[in-house]
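S.K.: Got a sequence here, can you build the structure:
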Amino acid sequence: MLHYLASGEFQINDGDHHQVSQSTVSKVISEVLQELTSSDMVREHIRFPTSVHDRDAQVAQFAGVANFPKVMGVIDCTHVRILVPSLEEDIYVNRKGFHSITAQLVFDAFDTIIDVVARWPGSSHDSQILQNSGVKQLFEEGIIPVGYHLLGDSGYPSRRWLLTPYANLQAGQQTRYNR
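M.R.: I've put the predicted structure just below:
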């Protein structure tokens, strides 16, 4: 099953390899993915660090990387290719010209996913997804105290809690910051 997910080959190839029918492979893939994406599984394994201890562990780890102040994670979006949907097909076409779901991920300093939003059509902009995300609420509503930050790329708006690169660099501090 993992070979199929990693390679994108036909299910019948996996079936031949394990000496089972394609329909059995399809059923196993469906059941495993259903379990991996269940609410219980996601809640157990993908958690944004809200306790002081967990936040400070992230901050300490990031401080050793680039000395950014109180960084808890990095945020970015990626496109997950999908089959052409039958409804509202056009909104799933991304800027690269293929159909996708846009997934926003937040990683911590230990390369662990601590937040994921994977339900927006491919044409959605990073900033739109952030605007409607739980991560924004955590910071804006003070659940994550002022002074903690995420790092994002230029697809995101700069916020007191979201550090993004300067667009029109001036020599000196701004250049060092972006580097």
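S.K.: so Val74 sits in a strand?
M.R.: Yes: checked against DSSP: H, G, I helix; E, B strand; the rest coil, Val74 lies within a strand.
S.K.: Tell me what the nearest residue to it once chain neighbours are set aside is bridged to.
M.R.: Among residues not flanking Val74 along the chain, Leu151 sits closest, at 4.6 Å (C-beta to C-beta, 6 or more residues apart in numbering). From N, CA and C alone the C-beta is placed, and that goes for glycine too. As for beta bridges, Leu151 partners with Val74, Leu163 under DSSP bridges.
S.K.: Leu151: what's it in contact with?
M.R.: Remark: with contacts taken as C-beta atoms under 8 Å, 6 or more residues apart in numbering, Leu151 is in contact with Phe68, Val71, Gly73, Val74, Ile75, Leu162, Leu163, Thr164.
S.K.: ok, so of those, who is nearest Ser133?
M.R.: Ile75 (9.1 Å; C-beta to C-beta).
S.K.: Correct me if wrong: that closest one contacts Val135.
M.R.: Yes: between Ile75 and Val135 there is a contact at 7.1 Å, judged by C-beta atoms under 8 Å.
S.K.: For the two, list the residues in contact with both.
M.R.: Joint contacts of Ile75 and Val135 (C-beta under 8 Å, 6+ apart) are Gln104, Val106, Asp115, Leu150.
S.K.: Using CSV, lay out these together with pLDDT.
M.R.: Shown next, in CSV, are the shared contacts of Ile75 and Val135 (pLDDT from 0 to 100):
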residue, pLDDT
Gln104, 92
Val106, 93
Asp115, 90
Leu150, 95
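S.K.: Just the closest of those to Phe62, please.
M.R.: Of all the shared contacts of Ile75 and Val135, Phe62 sits closest to Leu150, with 10.2 Å by C-beta to C-beta.
S.K.: Reduced to three states, what does the residue nearest in space to the middle of the chain come out as?
M.R.: With distances taken as C-alpha atoms, centre = their mean, Leu105 lies nearest the centre of the chain, 1.3 Å away. Of the three states, Leu105 takes strand under three-state DSSP.
S.K.: hey, what's it bridged with?
M.R.: Beta-bridge pairing for Leu105 (DSSP bridges): Asp76, Val116.
S.K.: Can you tell me the closest non-neighbouring residue to Tyr166?
M.R.: Counting by C-beta to C-beta, 6+ apart, the residue nearest Tyr166 is Gln174, at 4.5 Å.
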